[in-house]
Structures are given as C-alpha cells and as structure tokens.
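>>> got a sequence here, can you model it:
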Amino acid sequence: MAKFNDLSVDLVYVIFSHLQSDKLQLHWLALSCRLFRDISQRFMVRNASISHSIRGSRTQLFLRTLTERPDLVAHVHRLELDLLREDVHWPEEQQTIHQLTRLLTNLREFCYLSSDYKVWHFSIPTPLKWRRTHAHDQVRRVDWHHNMTPWDLRKCMQLPRIESIYVRELVDPIKSFKIPERIYKTSTLVELRIGVPTAMNEKAFQPLGLLLNIPVRLKRILFESHVWHNPIFNPAALMRLLHPVRDTLEELRVDIWENRLDPFYQPADLSNFISLKKLAWPMRFLFGSKADPLDHTEINLPPNLNKLEMAYKSGELRFAEVLEAPTSKVYPTFINWLEAPGGQHDISTRMPLLTCITFMEHDGVGIFPDLNSTQLQELTERSTSQNAGLPKGRPEFRFISAPHSEGTLPSS
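Numbering: from 1, shown residues only. Reported below is the predicted structural model:
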C-alpha cells in the first residue's frame, strides 16, 4: 500500500471526500497519520458554514478561532451564513459578521441564507469590500438571500473577479442610490439572478437599468417574481430595462411564481438581442392583447435563438371571446409561422437555429387561460408522436405538466 507521502494532494482530497461520511474511520485515520491529518484539515476548512444556535453566537466562536489560528484564514474559500432574523437584528452580531468577513480575504464564494426571511425585514449591510485594505478581490460568487439595495448591488458588481450574483429581492432603490455621472464597463459579472418585489415599478427600476451598463459581458439574467402583481413584468418595460445588455446576453429567464399577469397591449420585441440563445418566460409575453390571429408580424424572437421555453396557463374558457387571452387566438398562427416551409427538404427557414420549444404548464401565469383543451391536446400529441420522426432542422416540441400544488417553474 502506498504511503500518503507518495500520493498527490488531489488524490488525497478524493480519498478524504469519500471517507468524510464515515466519521469514525476518518477520525482513526486523522489520529494515525499526521500527514493525512494536516492535509484533510486544510480541505475541511475550505467551506465554512455557520447556522443558528440557541446556545450562543457561532459567528463569534468562529471569529475567535480565526483570531487564534490565523494560518487557517487563507484556506477558507467559501463562507455560508444561515442565520435567523433574531441573529442579525442586533448591531453586535452584524459587527461580528463584518469582522469575520474582513479577515477572510481569500474567499471565493459568499452565501448569506435566511430561513425566516420576510420582505419587510430591514436591509442587512453587505460586509464585502472591493477596495482599500482587506479587499475581497478573489470573490467569484455572491448568493444574498435577503433584500439588497442598488448601492450594495453596485458594490458587489465592482468586486474585481465577480462572476455570479444572486439577490433575493431588490428594495429601496431611490433613497439609497445616486445615479453616477459616468458609468464605466468594468465589472466581470457574467450571471445575475434577482428577485423583484411588488413595490418597484418601472421608474424605480431605473437604477438597475443603469447598473446593467457596468458589466463588460453579462451573459445570463434571471428575474424572479414572488408577488401577486408586479408592473415591472410588462414585456415592453422589461426590454427597455435590458437594453444595455442586448449585445452580450445569451440566456434570459423570467420566473413568475405567484404572479398573475394580465394580457399586455404591446408584446416583447427581442429581435435586437442577437446573442440570445436561451429564452424562458410566460407565453403571453410574445403576443399583444390586440394581436390579429392571422398576423404574425408581431412575433419578434431573437434571430439566433436555440431553446425557447414558454410558461402557459391551461383550462376551459369561461368568459366571452372578447376577454380571451391573445395567446389562445394566435397560437395556431405562431406554430404555422415556425413551420413555414421554404428551404430544402421542406425545412423551416424562419428560425433555423431553434432546436427545442418547451411548453411549461403553470397555474400562476395569468387569470385567463392561454390554451384551451383542443390546443392542449394538440400540443401533447405533437410532443409525443411528431418528435419520433422529426426531420433534421425542425424544432422539437416538448410538453411539461408542472406540479399544480407548488405552482412553480423549475430553474434551468
């Protein structure tokens, strides 16, 4: 059997990761082999997770440990705080968190969870620093499961090596954010996932539109709506918000969890988003409320789109035809438009790069159903029988029935 001196650090890490579930065996190895103990200790502290405790502050305990063992500071790459509101309510605890993160200047990831989060909770100051001493110049990912102001979001976007940011909800935009005179494209941010509260209308979202000018190449954006109604999810307003990233955006997702969308007068126009390859959002974003069932001129999809996912609400129409959602009327035109022949072997020339269209059933998309029972049956048949003998170049249709009990869209 080879000695641990002969094993590479990577191989020792693999062995350790398989043994960590067996605490007795791991403890025996740690006691019997000094080298393995030293190496495993370095890997054990890479991910530091601090949760709530009724016996006392674990953040203060961890801070004392790092103060007494400064050699461990450089090995902590990920810090996860899973604290309750009662933990972070006191200024002393917030000060401890700031002192703790100020020491951990070698962090790659920072995650701040909250199992009892409410939108009306006070904002928690962001402890990360992007300049001067104790700067977090190695952080790649920030998961902030609390509300955050645009000013703090801007600080996170200006971290030197930031790649991904998640914000539970963006709040208090006007009071805490000054519009800068000049905005420079300096951020390395690639992915932004952000929750939208009910109080933020299009005017209040102006600071976010300015912040989208900072990333050099923002590729992925995900918007989440957790509320009953939100005026920001007007497709035309959303396009104006995303205007700064129209040339770099490759993936856009709009998840409507409990929102009820009314039909919109003006549909979304994504024809200028030349880099967009993946799109997931409500089906009624594609059609205006005054759309003509025989006219497809208002279908403005990205020219290089590869995958399209549309959330829809199914059910029988119980209202007058004038109140019927436009998607139900324009759906046949949309399908015929996609499959219009014109190329060789009867292949559509509308969107040659589009390979997959997914229809996601969802209870929380709108009041009026988007598809009636006949169209729903056609959709299910199309997703099962037609795809079996699908010609090359023809998009594949998929139908997914969402869990009605949860009423949520799965993340990509």
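
>>> hey, let's count contacts and neighbours off CA atoms from now on
OK.

>>> ends of stretch 107-116, what's the gap?
Length of stretch 107-116, first residue to last, Cα to Cα, to the nearest Å: 26 Å.

>>> what about that stretch, average pLDDT?
Averaging pLDDT along stretch 107-116 gives 89.

>>> need the residues that contact it.
76-85, 136, 138-146 (Cα atoms under 8 Å, 6 or more residues apart in numbering).

>>> restricted to helices, list those residues.
Among the contacts of stretch 107-116, the members found in helices (DSSP state H) are Arg85.

>>> low-confidence bits of the stretch 301-412 of the chain, can you list those?
The model of the stretch 301-412 of the chain has pLDDT under 70 over residues 315-328, 338-350, 363-368, 372-373, 380, 382-394, 402-412.

>>> quick one on the thing from earlier: now list the buried members of the contacts of stretch 107-116.
For those, a burial check counting by 16 or more other Cα atoms under 10 Å picks out 76-84, 136, 138-146.

>>> the residues you listed in strands, which ones?
Among the buried ones among the contacts of stretch 107-116, the ones falling in strands (DSSP state E) are Arg78, Leu79, Glu80, Leu81, Asp82, Arg141, Val142, Asp143, Trp144, His145, His146.

>>> hmm, the second one is touching Phe62, no?
By that I understand Leu79. No. Contact criterion Cα atoms under 8 Å: Leu79 and Phe62 do not qualify, at 11.1 Å.

>>> quick one: the helices in the chain?
Per DSSP H, the chain carries helices over the ranges 9-19, 23-32, 34-44, 58-68, 85-88, 91-103, 150-157, 173-176, 206-211, 235-241, 326-338, 373-384.

>>> tell me the mean pLDDT over the first one?
The average of the pLDDT scores along helix 9-19 is 47.

>>> show me the contacts for Leu218.
By Cα under 8 Å, 6+ apart, the neighbours of Leu218 are Thr188, Leu189, Val190, Glu191, Leu192, Val245, Thr248, Leu249.

>>> please indicate which of those residues has the highest neighbour count?
Leu189 (26 neighbours; other Cα atoms under 10 Å).

>>> okay, now the unreliable bits of the stretch 151-300 of the chain?
172-183, 197-204, 226-233, 257-265, 288-298.

>>> which residues in it form strands?
Secondary structure of the stretch 151-300 of the chain, counting by DSSP state E, counting those that start in this stretch: strands at 164-170, 191-196, 220-225, 251-256, 278-282.

>>> let me have those in TSV, extended by distance to Lys118.
Listed next are those as TSV, based on distance: least, Cα to Cα, whole Å:
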stretch	distance to Lys118
strand 164-170	10
strand 191-196	13
strand 220-225	14
strand 251-256	18
strand 278-282	25
